[in-house]
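**Student:** Have a look; sequence and predicted model below, questions after that.
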Amino acid sequence: MVHPHFIFIQLFNSYKVTVTNLEELDVKQIQEIEEFVRERKGIFDFHTYSFVIQKRIGFDEFVKLLDFLGIKATVEEKFLEYKKEHRIGFGQYKGLTYKELPDSYLLWLKNNYRGPEKKYINKELQLRKL
């Protein structure tokens, strides 16, 4: 039986996990992952084979949580690389870097923001593959 292969990326106040072998998993395993995400009020995106959960936990905590829940998976940690730290200049997250913004807010900005910082928003969306 094939086990899920997770790539864990820790963000400022959330974490993103990509399931690299989602197509190889059986229905029960996919439902188990969906339940894991739903119980934590996360969002599973079947287009990118990934989920985001708005909670700050580290890689080791994530692995321990999977073990505690009995979810057998291979887990790797990936780090996002940033060259220059651009800071958001408006709104409730003013002063934070774009890498510190929650995915949900970045996605909202993608559809609603039309100002000069749009290129930084798009770059961050691209880095996170959102």
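**Tutor:** Yep, it's here.
**Student:** what's next to the longest helix along the chain, contact-wise?
**Tutor:** In the chain, with assignment by DSSP state H, the single longest helix is helix 27-39. Helix 27-39 is contacted by residues 3-4, 19, 22, 25, 43-44, 51, 53, 69, 71 when judged by CB atoms under 8 Å, 6 or more residues apart in numbering. In short, each C-beta sits where N, CA and C put it, glycine included.
**Student:** Could you do stretch 76-95 as well?
**Tutor:** Contacts for stretch 76-95 (CB under 8 Å, 6+ apart): 5-11, 59, 96-101, 105, 115, 117, 120, 127-128.
**Student:** and residue 67, what helix or strand is that in?
**Tutor:** Using DSSP states H and E, residue 67 falls within helix 59-69.
**Student:** Buried residues, the next helix or strand after that helix. List them.
**Tutor:** Next helix or strand after helix 59-69 toward the C-terminus (DSSP H and E): strand 74-78. Neighbour-count burial for strand 74-78, counted by 16 or more other CB atoms under 10 Å, picks out residue 75.
**Student:** Starting from strand 74-78, tell me which strands it pairs with and how they run.
**Tutor:** Here strand 74-78 has these sheet partners by DSSP bridges: strand 5-10 (parallel).
**Student:** hey, C-alpha coordinates of the partner strand in PDB?
**Tutor:** Presented in PDB, the C-alpha positions along strand 5-10 are these (Å, rounded to 0.1, in the frame of the first residue of the first chain):
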ATOM      1  CA  HIS A   5       4.100  11.800   0.600                       C
ATOM      2  CA  PHE A   6       3.800  15.300   2.200                       C
ATOM      3  CA  ILE A   7       5.900  18.300   1.500                       C
ATOM      4  CA  PHE A   8       5.600  20.600   4.600                       C
ATOM      5  CA  ILE A   9       6.200  24.400   4.200                       C
ATOM      6  CA  GLN A  10       5.900  26.500   7.300                       C
END
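**Student:** State the phi and psi torsions of residue 45.
**Tutor:** Main-chain dihedrals, residue 45, degrees, to the nearest 10: phi -110, psi 110.
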